[in-house]
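Undergrad: Quick one: sequence plus predicted model below, questions after.
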Amino acid sequence: MTRFSSHYEIALCGGGGVGKSALVLKFVKGQFVEEYDPTIEDLYRHQFHVDGKSTCLEILDTAGQDEFRAIRDQMLHLGQGFLLLFSVTDRGSFQELTSSYEAIQRSKDFESVPLVVVGTKCDLVDRRQISPEEGKAQADLWGAEYVETSALDNINVQECFAMVVRQLRAIEDEKENGSKKGKGKKSKRQSGSKDESKKKKSLLNQAQCTIL
Ligand SMILES: Nc1nc2c(ncn2[C@@H]2O[C@H](COP(=O)(O)OP(=O)(O)OP(=O)(O)O)[C@@H](O)[C@H]2O)c(=O)[nH]1
Ligand SMILES: [Mg+2]
């Protein structure tokens, strides 16, 4: 049986005002934040259970506003898994997803990474501009999962973080099974990820941001 990591680093990306901070604050503190205060960069730590197993997440809440993009792009390589957010009420934020996706891809040298596309603010039914089908089709193109959330109504807030944790665990499972099959031989992917974990250490060690 695979011994999963006790902690993972997750980064939230997406355009300004799509609800990244509201989602993470609902997840970590259980509070919905009504006012919009653009993020430069914040870091959170939160322990929770996924499928009966405890895990600690270090969550990087990145800037969506253009003026802070450079800071965001410097930090993305620290993420192991990503939530890519747009607002279902804002087609512009859906179109902006591609540039966030490309920034993630660049930061990970174009290797595939655990990714969940998140359509936020699904409580705003009358203002919807993107259908679930359109959101899912985009996620499928990137080999990602798709989920819709509402930080206001507490819909799928825990679930979107659990989804990315499951993807990370599945990769660990795959690696462990691969190494058993390879009878101790190091695969290219394994040696790469070891280097990466050395280089990466922890978000908490490297982040210049506020830890909340
Ligand atoms: N109705 C509704 N409003 C939301 C939801 N999530 C966020 N909002 C509102 O949307 C606005 C922007 O939310 P933020 O979480 O600050 O957006 P952000 O993506 O962190 O923005 P940046 O930090 O600039 O990138 C705030 O006024 C929130 O109250 C939601 O699920 N439902
Ligand atoms: Mg924010």
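TA: Structure received. Ligands and ions are numbered 1, 2, ... in the order given.
Undergrad: tell me which helix or strand of the chain sits lowest on mean pLDDT?
TA: helix 188-200 (a mean of 39; mean pLDDT, DSSP states H and E).
Undergrad: ok now do Glu159, which residues does it touch?
TA: Val147, Thr149 (C-beta atoms under 8 Å, 6 or more residues apart in numbering). The C-beta positions use only the backbone N, C-alpha and C, and glycine is treated the same way.
Undergrad: switch to 7 Å and redo it
TA: Val147 (C-beta atoms under 7 Å, 6 or more residues apart in numbering).
Undergrad: Model confidence score at it, please.
TA: pLDDT, Glu159: 98.
Undergrad: Please apply the same query to the one 5 residues further on.
TA: Reading off the confidence values, Val164 has pLDDT 97.
Undergrad: Show me what counts as buried in whichever strand or helix holds it.
TA: Following DSSP states H and E, one finds Val164 within helix 157-181. Buried residues in helix 157-181, counted by 16 or more other C-beta atoms under 10 Å: Val157, Cys160, Phe161, Ala162, Met163, Val164, Val165, Arg166, Gln167, Leu168, Arg169, Ile171.
Undergrad: and this protein, which residues reach ligand 2?
TA: Lys20, Ser21, Thr39 (C-beta under 5 Å from the ion).
Undergrad: Hmm, Phe86 and Tyr101 touching each other?
TA: No. If you go by C-beta atoms under 7 Å, Tyr101 and Phe86 don't touch, sitting 10.6 Å apart.
Undergrad: list the contacts for the closest residue to ligand 1 within the chain?
TA: Residue nearest to ligand 1 within the chain: Gly64 (2.5 Å; C-beta to the nearest ligand atom). Going by C-beta under 7 Å, 6+ apart, Gly64 touches Gly14, Gly15, Gly16, Gly17, Val18, Lys20.
Undergrad: 10 Å instead?
TA: 12-21, 38-39, 72, 85, 93, 96, 100 (C-beta atoms under 10 Å, 6 or more residues apart in numbering).
Undergrad: re the thing from before, let's see which of the residues of the chain next to ligand 2 end up in helices.
TA: Lys20, Ser21 (DSSP state H).
Undergrad: would you list the residues of the chain next to ligand 2 in JSON lines and tack on pLDDT and neighbour count?
TA: Output for those, formatted as JSON lines (pLDDT from 0 to 100; neighbours: other C-beta atoms under 10 Å):
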{"residue": "Lys20", "pLDDT": "98", "neighbour count": "28"}
{"residue": "Ser21", "pLDDT": "98", "neighbour count": "22"}
{"residue": "Thr39", "pLDDT": "94", "neighbour count": "21"}
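Undergrad: From the residues of the chain next to ligand 2, pick the one nearest Ser131.
TA: For the residues of the chain next to ligand 2, the minimum distance to Ser131 (C-beta to C-beta) is 21.7 Å, reached by Lys20.
Undergrad: Just give the nearest non-adjacent residue to the closest one, would you?
TA: Nearest non-adjacent residue to Lys20, counting by C-beta to C-beta, 6 or more residues apart in numbering: Leu12, 4.4 Å away.
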